[in-house]
Every structure is written in C-alpha cells, then in structure tokens.
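> got a sequence here, can you build the structure:
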Amino acid sequence: MHYSTKLLAGAALLCVPAITAHADQIDDAAAKFGARPTVLDLGISPKGDKIFIIGSRKDGGDNVIVVDLGTKAAVPVMSAAGGKEQLTQCSFLREERLVCQVYLLASKGVEVTWATRLASISSDGTDIKALSPPTEMSAYYTSAFGGGLVDYNVAGQPDSVMMTRWLATQAASGTLLSRSADGLVVEAVNLKSLKRTPLERARDNASGYLADGKGNLRLMITQPTNSAGYSRRETNYFVRPAAGGDWKPLSTVTFDGGLATGFEPVAVDPARDVIYGFDDYQGRQALFEMPATPGAAPKLVLANDRVDIDELIRLGRNQRVVGASYVTDQRVAKYFDPELSKLAASLSKALPGSPAIAFVDSSEDESKLVVLVGSDVDPGNYYLFDKATKQLAPIMAVREELVGAKLSTMKPITFPAADGTMIPGYITLPPGSDGKNLPAIVMPHGGPAARDEWGFDWLVQYFASQGYAVLQPNYRGSTGYGAQWFQKNGYQSWRTAIADINDAGRWLVKEGISTPDKLAIVGWSYGGYSALQSQVLEPDLFKAVVAVAPVTDLDKLKEEARRSSDYRIVENYIGTGPHIDAGSPARHADRFKAPVLLFHGDLDLNVGVDESRLMNSRLQAAGKSVEYVEFKDLDHQLDNGDARIRLLSSTDRFLRKALGIK
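Numbers count the residues shown, from 1 in each chain. This is a model prediction of the structure:
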C-alpha cells in the first residue's frame with residue numbers, strides 16, 4: 001500500500017521555541033532531554049475538520065491550540081500557568097466546542113491540596129464556560145473533584161453532555177473525613193445554558209459510572225465503607241439495560257496487597273450489548289467479555305501464557321473497542337477490527353524503522369485517524385491518516401528538541417537472580433559503544449505496581465547520550481507478568497525485589513559491560529526507594545545513589561494516607577510486621593557507604609516531601625555524604641523544563657564525581 005506524506009502547511013506555527021541553556025553548567029544534552037514534550041496531547045474534531053494540540057512551555061505551563069485543517073489557521077484557545085496550575089486533558093465536545101480539565105495544587109503548612117475543574121471552550125477561543133459548579137478549593141475529595149465527563153451524549157438531549165459530580169461537602173471528624181453529603185450524582189449539562197438535569201440520584205458509596213457512548217448509563221461502580229468511613233478492600237459493579245431500569249449486581253473485585261480478584265468491567269460495546277473486562281486466567285490477567293445482563297458468564301477474549309493483557313484499545317469519541325494489547329519484549333496490539341489491523345501493519349512496514357503504531361483518535365465516522373508513531377529511538381510523531389485518499393500527513397513531532405538526534409537502541413535482555421530466576425529487563429548502551437567497561441546505571445522503575453517496556457525514555461536516553469549503560473530490570477514485584485511474579489508487591493516483598501535489582505548490577509559487571517567501581521543506581525518514586533534500600537541490603541555494591549521523590553519510611557508512607565478514605569487499602573498494600581522497620585532506608589542511614597543525591601518537589605501528593613527531608617537529615621546525622629535538591633511548587637512528576645534540566649545536569653556531575661569519570 002502506498003501512502004502520500006504531504007506535510008500539513010502551517011505546522012511550524014504550532015512549534016514552541018527550543019530550550020536554550022541559561023547557565024554554563026547546564027550542558028546542551030540536559031537542555032534537550034530535560035525539555036518538556038512539545039506535544040502533550042492531540043485530538044481531532046467529530047467531523048475531522050479541526051485538531052487541538054496541547055503544547056508545553058518550558059516553565060511548566062501549557063497552551064491549547066485549535067488548527068483548522070482546511071485553512072491551516074492555528075488559534076490559541078486556552079492556557080495554564082504551570083506548577084500549581086496544569087492542563088491535563090482536552091477533547092472535542094462538538095465540532096465547535098472543546099472541554100479541558102485544569103488540575104490545581106495548593107499548600108497550607110505541610111498539607112498539600114488538589115482540585116480539578118472542567119471548562120468548555122469554543123474552538124475560536126471566544127467563549128469559555130465553566131462546566132464544573134463553583135466550589136471552594138479544598139483538600140477534600142467532594143469539593144476538590146470538579147466533575148467527570150462520562151459521555152459526550154445524553155439520550156434525548158442533543159445539546160447536553162453527561163457528567164458526574166459530588167453534591168455536597170465533607171466534614172472533618174477526628175483524623176478521618178466522614179461524608180455528610182448525598183454523594184456522587186450524574187447530570188446532563190446543557191452546553192448552551194449550563195442547566196443541570198439529574199440523570200442518576202446521588203449515592204454516598206458510588207465512585208464512578210460508565211456509559212455506552214450513545215448517551216446511556218450502563219455500569220455503576222461502588223466502593224463500600226466500614227463503620228469508621230474507610231473504604232473496604234472491594235469494588236462492586238452494577239449493570240442495567242440501555243433503556244434504563246434498576247441496577248443489578250454484576251461483579252465484585254477484591255484487593256489484597258495490590259492483587260485484584262474478580263471480573264473488572266472497563267467498557268460497554270453498545271452494538272453487541274457486551275461488557276469488556278479483565279480477570280485472572282491461569283495466574284495472569286486476561287481480557288473477557290460478557291453479555292450486559294446480570295448472571296451472565298464471562299467469555300475469554302484474549303490471553304497470553306507469558307504476560308498479562310493490560311490494555312484495552314479504544315478509538316474515537318465514542319470509544320469503540322477495537323482491540324487489546326500486552327507487552328512481551330515489545331508491546332503487541334491485537335486488533336479485533338480487521339481494517340485497523342491491516343492498516344497498522346501496513347503503516348509500520350511503510351515507515352522507516354518499522355515503528356510502533358498507535359491510533360489515538362478519530363473523526364466520528366472514523367474516516368480520519370490521528371496516528372502516533374514512535375520507537376525506542378524516536379520519541380514519536382503525530383500523523384493524520386485520511387482513509388479516502390490514503391494520505392498520511394505529518395502533524396508534529398512529540399519532542400521538537402530531539403528531532404534528528406542520534407538516540408540509543410533499547411535491547412531486551414534477561415539476567416539471573418541469585419536463586420536462578422531469570423529476570424527480564426532492557427539494556428541501553430551509548431550510541432556507537434562496544435558495550436564494554438562503561439560507567440553503568442541500574443534504573444529500577446517506579447510503582448512498584450508497574451513495569452518498564454520498550455520505547456523512548458527521556459531519562460534513559462539522556463544518560464546513554466552521556467556515555468552510561470542503563471539497565472532497567474522488571475524485578476519481581478513488577479506488574480505485567482502475573483500474580484506469581486508480583487508476589488506480595490514490592491514493599492511487602494522488598495527483599496526479593498531489591499535483591500533482583502542488585503543482581504542487575506552484578507550482571508553488568510559479569511558481562512564486562514561495567515566494572516565494580518563504576519556502578520550507580522538511579523530511581524524515581526519506588527525506583528528511588530529501591531536505590532536507597534539497595535544500600536541497606538548491600539552497601540558495597542553501588543558507588544553512587546540518586547533518588548527522585550523516594551519513599552524512605554514505610555510507616556510514614558502509610559500515615560500520608562491516614563486522612564484518606566482509602567487508608568485501609570494503603571495499609572493492606574504496605575502491610576505490617578518486621579519488614580516495615582527493615583525495609584525503611586531512613587532508619588538505616590548508618591549502613592550507607594555511597595554518596596546520595598536526593599530530589600523532591602514540595603507539592604508531591606504521591607510521596608510527601610517529608611520523606612526526602614527525613615532521609616537527608618538522617619544521612620547528615622550519620623555523617624554520610626548527601627546532597628538534597630528541593631523544587632518549589634512542583635509535584636511528583638517535576639513537570640517543569642528548568643527543574644528537569646537541573647535534575648539531569650546535576651545528576652551527571654554527581655555521578656561523574658562519585659564514579660571517578662571525566
């Protein structure tokens with residue numbers, strides 16, 4: 001199949017200026033790799049005549065631009081300041097109207113609060129309306145949550161969209177916020193008048209709803225609580241017919257240490273009247289479908305005997321289910337739609353390097369598709385594919401700063417743990433390297449309920465460009481490989497997880513990729529915890545430790561969730577017992593031998609900034625070598641160009657000094 005690749009005229013109007021280093025100590029590579037992505041999100045209008053682009057600014061701010069594909073005119077319609085105010089997502093409600101979500105952060109003393117707000121904006125930027133009702137920003141979920149978009153349509157109400165919101169506030173009671181409100185309600189919101197019409201009465205235990213893309217509520221999700229107001233470790237799902245009626249029990253999912261048991265519905269197919277969901281199959285997560293009626297038995301749709309099926313592929317404004325995917329060495333997409341399957345294969349074959357293909361959006365009739373193309377050595381490019389003309393037109397690169405840069409190949413490997421278990425992972429070597437006697441970094445992923453997979457990674461690629469070999473282990477405790485691999489999660493089973501991570505360092509030396517004096521460990525979030533805990537377990541292995549937003553005390557992590565209704569779930573996940581003290585690196589600062597570099601944002605809601613402050617003070621008190629960098633007004637992701645550039649350049653200087661390399 002032949003595809004034309006005519007460039008969209010005027011695309012240069014959408015680019016943001018390249019990052020310029022503003023201090024001598026910040027190298028050019030850090031400036032390029034630390035820059036925020038040029039494009040954060042991109043979507044197409046129902047008729048396929050317009051696209052929106054969320055573009056980033058160096059300061060952490062975001063701009064939304066609407067481009068007319070006929071005239072090529074680009075119109076700015078909305079912006080966010082960055083830091084405490086971020087644009088997290090947009091989509092077209094109608095041809096001439098978008099909805100965007102703003103995420104807000106604030107702090108009062110040691111407490112960090114958040115809120116979301118939804119705004120409807122005309123595609124020419126002249127009319128902005130608040131879809132979220134006016135409420136004061138609060139630390140508490142009922143007033144902080146500015147509403148969720150459930151469906152672009154409401155049956156019988158063509159000018160309305162379907163939204164959820166909380167009706168009233170919460171009142172503090174002791175250390176727990178107990179609900180004094182009716183709970184979550186579903187409403188039809190008229191886009192012209194903003195009039196709200198109830199569609200579903202408020203329920204204090206409802207946590208969400210799923211619609212069918214045709215304006216009908218089909219699934220209700222509830223989170224039961226105990227007598228103290230804490231959520232129980234289960235989620236209940238209810239179903240009802242498209243025509244309406246009573247809610248009937250469908251399934252229950254229970255949680256223990258992060259492992260879910262039971263059928264978890266994730267989507268409704270209105271054409272077939274079936275529900276898609278995930279459940280266990282022979283020890284791994286698989287995709288099932290079942291008729292959208294109570295008492296029906298799930299039917300297996302897709303399973304893999306090596307890994308979990310972890311993603312449902314949906315397309316367009318109606319979120320039509322078109323396939324599912326899983327990750328072995330690379331992500332594999334299995335399309336249920338034969339046309340899309342053929343198109344994905346043809347595009348991958350036709351484009352240089354046989355890249356990964358993802359269909360990220362479509363016009364309502366699916367005649368025009370937004371396609372994201374990328375690989376380990378390509379941060380990605382957005383294209384517009386027209387089925388009628390078979391033209392594939394470039395729109396924008398995801399990272400303009402890295403266009404034309406020589407990046408490093410990410411290669412899947414396995415290495416043996418001490419008990420003989422083969423641990424999967426990825427090795428990335430510097431461009432042109434022979435892979436021998438290199439300074440090397442073991443980089444464990446965050447989560448721990450996550451996994452690394454093949455593709456572009458700005459941290460990995462930066463360090464490879466600076467001459468480091470980088471190994472990313474999918475240690476036991478990672479998700480994606482089934483319940484047996486997950487064990488009791490990376491906190492309760494930290495000894496196994498950290499041992500696997502340390503064995504990754506030994507493998508680098510055994511293979512001659514590095515030497516004992518040139519091994520470092522760098523991690524973010526749980527990866528940062530792993531980097532610190534590796535010193536507790538084996539203080540002589542790594543010669544330098546870098547931890548970004550790390551957990552440092554497991555009891556402290558539990559206490560951070562004390563005021564949340566999910567506290568008992570978090571407590572169950574982290575557990576109780578001797579592993580808490582032994583697995584908290586801040587309590588064992590005396591064991592550290594390698595120098596430590598810490599980074600943290602002071603508005604981190606995932607892992608409180610006090611975790612790094614505690615680790616820093618304990619290491620200082622023990623007379624250990626430690627440096628600590630705290631970023632003001634930034635959260636867990638440090639989503640700011642200057643901050644990320646500083647993180648990269650400071651880490652490189654720190655590692656070179658610690659490892660004795662020039």
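> can you mark which positions in stretch 374-390 are buried?
Neighbour-count burial for stretch 374-390, counted by 16 or more other Cβ atoms under 10 Å, picks out 374-386. C-beta coordinates here come from the backbone N, C-alpha and C atoms, glycine included.
> ditto for stretch 77-97
Going by 16+ other Cβ under 10 Å, stretch 77-97 has these buried residues: 77-80, 82-87, 89-94, 97.
> cool, stretch 568-588 as well?
Under 16+ other Cβ under 10 Å, the buried positions of stretch 568-588 are 568-575, 579-580, 583-588.
> for stretch 645-662, same thing?
By 16+ other Cβ under 10 Å, the buried positions in stretch 645-662 come out as 645-652, 654-656, 658-659.
> could you export the residues you listed as CSV, including distance to I521, pLDDT and secondary structure?
As requested, the buried residues of stretch 645-662 are exported to CSV (distance: Cβ to Cβ, whole Å; pLDDT from 0 to 100; DSSP: H, G, I helix; E, B strand; the rest coil):
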residue, distance to I521, pLDDT, secondary structure
I645, 22, 96, helix
R646, 20, 97, helix
L647, 16, 98, helix
L648, 16, 98, helix
S649, 19, 97, helix
S650, 16, 98, helix
T651, 12, 98, helix
D652, 15, 98, helix
F654, 12, 98, helix
L655, 10, 98, helix
R656, 15, 98, helix
A658, 11, 98, helix
L659, 12, 98, helix
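> from the residues you listed, which single one is nearest V274?
L647 (46.2 Å; Cβ to Cβ).
> re the thing from before, which pair in the buried residues of stretch 645-662 spans the largest distance?
So for the buried residues of stretch 645-662, where distance means Cβ to Cβ, the most widely separated pair is I645 and L659, at 21.4 Å.
> so which residues of the stretch 51-200 of the chain form strands?
In the stretch 51-200 of the chain, the segments counted as strands under DSSP state E, counting those that start in this stretch are 62-68, 74-80, 85-94, 97-108, 111-122, 128-130, 148-151, 160-166, 170-173, 176-179, 184-190, 196-203.
> helices of this protein, residue ranges please.
All helices of the chain, identified by DSSP state H, fall at 28-34, 141-144, 338-350, 458-465, 483-486, 489-492, 494-510, 526-537, 554-560, 567-574, 578-582, 610-621, 641-659.
> most packed of those helices?
helix 526-537 (a mean of 28; mean count of other Cβ atoms under 10 Å).
> contacts for it?
443-448, 450, 475, 490, 494-495, 497-499, 501-502, 521-523, 541-542, 545-552, 582-583, 585, 588, 591-594, 596, 615 (Cβ atoms under 8 Å, 6 or more residues apart in numbering).
> same question, stretch 75-84
52, 57, 59-68, 86-87, 90, 98, 100, 102, 104-106, 119, 121-125, 128, 603, 633-634, 639-640.
> that one spans what distance, first to last residue?
This stretch, stretch 75-84, spans 25 Å end to end (Cα to Cα, to the nearest Å).
> for it, the averaged confidence score.
Here stretch 75-84 scores 92 as its mean pLDDT.
> how far is it from where the chain is centred?
21 Å (Cα atoms, centre = their mean, to the nearest Å).
> then stretch 431-441?
The answer for stretch 431-441 is 30 Å, by Cα atoms, centre = their mean.
> dump it to PDB, restricted to CA.
In PDB, the C-alpha atoms belonging to stretch 431-441 read as follows (Å, rounded to 0.1, in the frame of the first residue of the first chain):
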ATOM      1  CA  PRO A 431      25.500   5.300  20.600                       C
ATOM      2  CA  GLY A 432      28.500   3.700  18.900                       C
ATOM      3  CA  SER A 433      29.700   1.900  22.100                       C
ATOM      4  CA  ASP A 434      31.200  -1.500  22.100                       C
ATOM      5  CA  GLY A 435      29.400  -2.100  25.400                       C
ATOM      6  CA  LYS A 436      32.500  -2.800  27.500                       C
ATOM      7  CA  ASN A 437      33.900  -1.200  30.600                       C
ATOM      8  CA  LEU A 438      31.300   1.600  30.700                       C
ATOM      9  CA  PRO A 439      30.000   3.500  33.700                       C
ATOM     10  CA  ALA A 440      26.600   2.000  34.200                       C
ATOM     11  CA  ILE A 441      23.300   2.800  35.900                       C
END
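> could you list the low-pLDDT ranges of this structure?
Across the chain, the ranges flagged by pLDDT under 70 are 1-26, 110, 135-143, 168-181.
> and it, what are its domains?
The record's domain parsing of the chain by automatic domain parsing lists 132-204, 205-336, 410-659.
> figure out the length between the terminal residues of stretch 27-47.
45 Å.
> check stretch 243-258 too.
With Cα to Cα, one end of stretch 243-258 sits 36 Å from the other.
> and that stretch, what's buried?
247, 250-251, 253, 255, 257-258.
> which of the residues you listed sit farthest apart?
For these, the farthest-apart pair by Cβ to Cβ is W247 and G257; their separation is 29.8 Å.
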